[in-house]
Structure formats: structure tokens, C-alpha cells
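[1] pasting the structure only:
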């Protein structure tokens, strides 16, 4: 009886070792992705990209926003309404803003 119990225990240990050594089958196969096509997942149009935001240090309700496709916009009521302030300038895209605290 002891011998049978030892053999059974050895069989269980051996089975566990074999199962642990076997690598699980990966679900990441090329067949999984064959129906997918390369596509652009960014903005459909160039609008909507904020390049930079600057808040007036003396008035927290005044913000300036540089829009990558539409100049600079200003709000004086903490983003409830906006006014374009670059409409008359010869530039289209703005990448960065800086606020001169001595000349708001």
C-alpha cells in the first residue's frame, strides 16, 4: 500500500511538472488581425488640437489658448466664452504662448 501511494504521489508530481512546463497557447496570432486594416485614429480634421494654455497670474478667469489650427483665443470668464485675438494677423498655426506679466 505504501508503494502504491508513493507511486501515485510521484505520478501527480510528474504530471504537475509536465503541465507547468507546457506553454499556454497564445491568443495573439496573425489570424486574429487579418481582418484589420491600417487606419488613422487621430482627429479626423486638423481642428481641436490645443497647443498651449496660459492663465493670467493676476486674474484667474483670463486664459489664452494657442490652437494648432486656429491662432490664439482668449477668455475673460474662465472658458465660458472665447474671442479670437489672432484673426487680423498673418499667421495660422501657433505652437506656444508666453504671457508678459508686466503688460497684460
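    Looks like it came in fine. Values in this document were obtained by computation on a predicted structure and should not be read as measured data.

[2] Only C-alpha atoms from now on, for both contacts and neighbour counts.
    Fine.

[3] burial measure for residue 35, as a count.
    7 (other C-alpha atoms under 10 Å).

[4] now it: how far from residue 100?
    54 Å (C-alpha to C-alpha, to the nearest Å).

[5] How about residue 34?
    Applying C-alpha to C-alpha to residue 34 and residue 100 gives a distance of 55 Å.

[6] same thing with residue 91?
    20 Å.

[7] Settle it for me: which of these two has more neighbours?
    Neighbour tally, residue 91 and residue 100, criterion other C-alpha under 10 Å: the higher count belongs to residue 91, 12 against 7.

[8] Surely residue 63 is in contact with residue 81?
    No - when contacts are counted by C-alpha atoms under 8 Å, residue 63 is not listed as touching residue 81 (10.8 Å).

[9] So these two - more neighbours on which side?
    With neighbours defined as other C-alpha under 10 Å, residue 63 and residue 81 compare such that residue 63 has more, 20 against 10.

[10] pretty sure residue 31 is in a helix, no?
    Yes - under DSSP: H, G, I helix; E, B strand; the rest coil, residue 31 falls within a helix.
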